[in-house]
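S.K.: Provide a 3D model corresponding to the input given below.
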Amino acid sequence: MRSVDSMVYEFFQKHSPCQNQEFGAVEIVHWRKAPGSLVPGLDLLLVESTGQGGSYRRIAQLGLRKFAVPREEDVGADMYRGILLENNAYDEVIKARWKKGTVMLL
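M.R.: Model prediction:
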C-alpha cells in the first residue's frame, strides 16, 4: 500500500463516498500452507459499495499469515510486534462469522 496523504490515496483509488456506504471483505483463498511461507494464511479482497444497485468496487487486497512466534530478541521489537499483530488479525478473521454469498468480479 502506498504511504501517502489520505486525500491523494483516495484520489488514486477513485474513492467516492455514497449514502449508506458499506464495506466488506471477500475471502479469495484460505491456505493450510501458503505459498512461500508454508504457514496458514488467507487472502481477502476489500471492497466498498458504490451506491449503484448492490455494486461494489475493490479497495485493496489483504494477505494474512499465521507465523510461529519467535523470541523477541531474535527478530527485534518491531518485527516481533508485527508478527503478534498479524497473528491476532488472522485469528480474529478465522473466528468471525462470515455471511455466505456469491459475488461477481468484473
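
S.K.: CA atoms for contacts and neighbours, from now on please.
M.R.: Fine.

S.K.: Would you map the strands across this structure?
M.R.: Along the chain, the stretches classed as strands by DSSP state E are 23-31, 41-49, 56-65.

S.K.: Buried residues, the longest one. List them.
M.R.: Buried residues in strand 56-65, defined by neighbour count with 16 or more other Cα atoms under 10 Å: 56-59, 64-65.

S.K.: Give me the spatial nearest neighbour of residue 47, chain neighbours excluded.
M.R.: Distances taken as Cα to Cα, 6 or more residues apart in numbering place residue 58 nearest to residue 47, at 4.5 Å, with adjacent residues excluded.

S.K.: Quick check: residue 82 vs residue 51, distance?
M.R.: Going from residue 82 to residue 51 by Cα to Cα, to the nearest Å gives 35 Å.

S.K.: and what of residue 58?
M.R.: Taking Cα to Cα as the measure, residue 58 falls 14 Å from residue 51.

S.K.: which residues touch residue 72?
M.R.: With contacts defined as Cα atoms under 8 Å, 6 or more residues apart in numbering, residue 72 is in contact with residue 80.

S.K.: can you pull the pLDDT of it?
M.R.: Residue 72 carries a pLDDT value of 97.

S.K.: Please point out which parts of the lengthiest helix in the chain sit buried.
M.R.: Longest helix in the chain by number of residues (criterion: DSSP state H): helix 77-95. Neighbour counts over helix 77-95 (16+ other Cα under 10 Å) mark 80, 83-84, 86-87, 90 as buried.

S.K.: and that helix with strand 56-65, angle?
M.R.: Interaxial angle, helix 77-95 versus strand 56-65 (axes from the mean of the first three to the mean of the last three Cα atoms, to 10 degrees): 120 degrees.

S.K.: distance between helix 77-95 and the chain's centre?
M.R.: Relative to its chain's centre, helix 77-95 lies at 12 Å (Cα atoms, centre = their mean, to the nearest Å).

S.K.: quick one: that helix to strand 23-31, angle?
M.R.: Using the same axes, to 10 degrees: helix 77-95 against strand 23-31 is 100 degrees.

S.K.: pLDDT on helix 77-95, on average?
M.R.: Summarised as a single mean, pLDDT over helix 77-95 is 95.

S.K.: Before I go, just wanted to say thanks for your time.
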